[in-house]
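J.: take this sequence and fold it.
(one chain, ligands or ions: 1)
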Amino acid sequence: MFTAQKQHDTKELFNVFIDDVVSKFKEHQDKFANFISQKFYCKEGHHPAEKKESQLFLIIPKNYLAEIDTYVKRNQNFNNENQIWCETCVKMTDMQLKVESVEYPLNLTIYVPGNGSIGKLDHQIKLNNDNYRLYAVICHAGSNLFGHYWAHLLKDGKWIGCNDNIVRESPPNLSNCYMLFYSKN
Ligand SMILES: [Zn+2]
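T.: Model (predicted):
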């Protein structure tokens, strides 16, 4: 579509570029998205609504980094002002949201609000009987008000740190992880 020595519109180029990025991403989306299937149950056991969600990353509070699977599969209660309509009971009622199943992707991304800590560089987690190995980390340096993000990637057995234009071998600061990237073994 674009050829040398010919004038093209910038907007056209931008459209083509974005379309390509989006379609390439869609091709690979299922390698990154996790699918969580949940059902609402009222106290009488009716389950009026099923909720299926696909997310590109899991949000895991820092205190649960050692038990991600348990945290993701936890049930949530909707009581009092958070009651939900049950069509069988025909009223607003307490509901429990139960996780029926979770499918984890090939490449799992975890966001840790407020930054968290993992113990070691060869960190592994077990999800649905699969082992996931850490291959990249985004760390935060500084305080809540200001600071800087670094990205670290495991390449050919070495941890490479990317700090703006400085790219060199350096391990991540595991006590201040903002995003964690794991791949299935
Ligand atoms: Zn009901």
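
J.: residue boundaries of the helices in this structure?
T.: Listed in chain order, the helices of the chain (DSSP state H) span residues 10-28, 68-72.

J.: buried set for the first one?
T.: Of the residues in helix 10-28, none is buried under the neighbour-count criterion (16 or more other CB atoms under 10 Å). Quick note: C-beta positions are derived from backbone N, CA and C, even for glycine.

J.: C-alpha coordinates for it, CSV please?
T.: C-alpha atoms of helix 10-28 as CSV (Å, rounded to 0.1, in the frame of the first residue of the first chain):
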residue,chain,number,x,y,z
THR,A,10,0.2,10.9,7.7
LYS,A,11,-3.3,10.1,8.9
GLU,A,12,-3.5,7.2,6.5
LEU,A,13,-0.2,5.9,7.7
PHE,A,14,-1.3,6.2,11.3
ASN,A,15,-4.5,4.3,10.5
VAL,A,16,-2.6,1.5,8.8
PHE,A,17,-0.1,1.3,11.6
ILE,A,18,-2.8,1.1,14.4
ASP,A,19,-4.9,-1.4,12.4
ASP,A,20,-1.9,-3.6,12.1
VAL,A,21,-0.9,-3.3,15.7
VAL,A,22,-4.5,-4.1,16.8
SER,A,23,-4.8,-7.1,14.4
LYS,A,24,-1.4,-8.5,15.4
PHE,A,25,-2.4,-8.1,19.1
LYS,A,26,-5.7,-9.9,18.5
GLU,A,27,-3.9,-12.8,17.0
HIS,A,28,-1.9,-13.1,20.2
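
J.: mind checking how far it is from the chain centre?
T.: Centroid separation between helix 10-28 and its chain, computed with CA atoms, centre = their mean, to the nearest Å, is 23 Å.

J.: now for the biggest strand by length in the chain, which elements pack on it?
T.: Using DSSP state E to define each element, the chain has its longest strand at strand 130-142. If contacts are counted by 3 or more CB pairs under 8 Å, 6 or more residues apart in numbering; DSSP states H and E, strand 130-142 sits against strand 107-116, strand 124-127, strand 147-155, strand 177-184.

J.: and the ion, which of these is closest to it?
T.: When those are compared by CB to the ion, strand 124-127 sits nearest the ion, at 32.3 Å.

J.: report the buried residues of that closest one.
T.: Quick answer for strand 124-127 (16+ other CB under 10 Å): Ile125, Leu127.

J.: then stretch 64-72?
T.: Buried residues in stretch 64-72, defined by neighbour count with 16+ other CB under 10 Å: Leu65, Ile68, Val72.

J.: so the last one sits against Gln55, correct?
T.: No: the pair Val72 / Gln55 is not scored as a contact, 10.2 Å apart, by CB atoms under 8 Å.

J.: much appreciated, bye for now.
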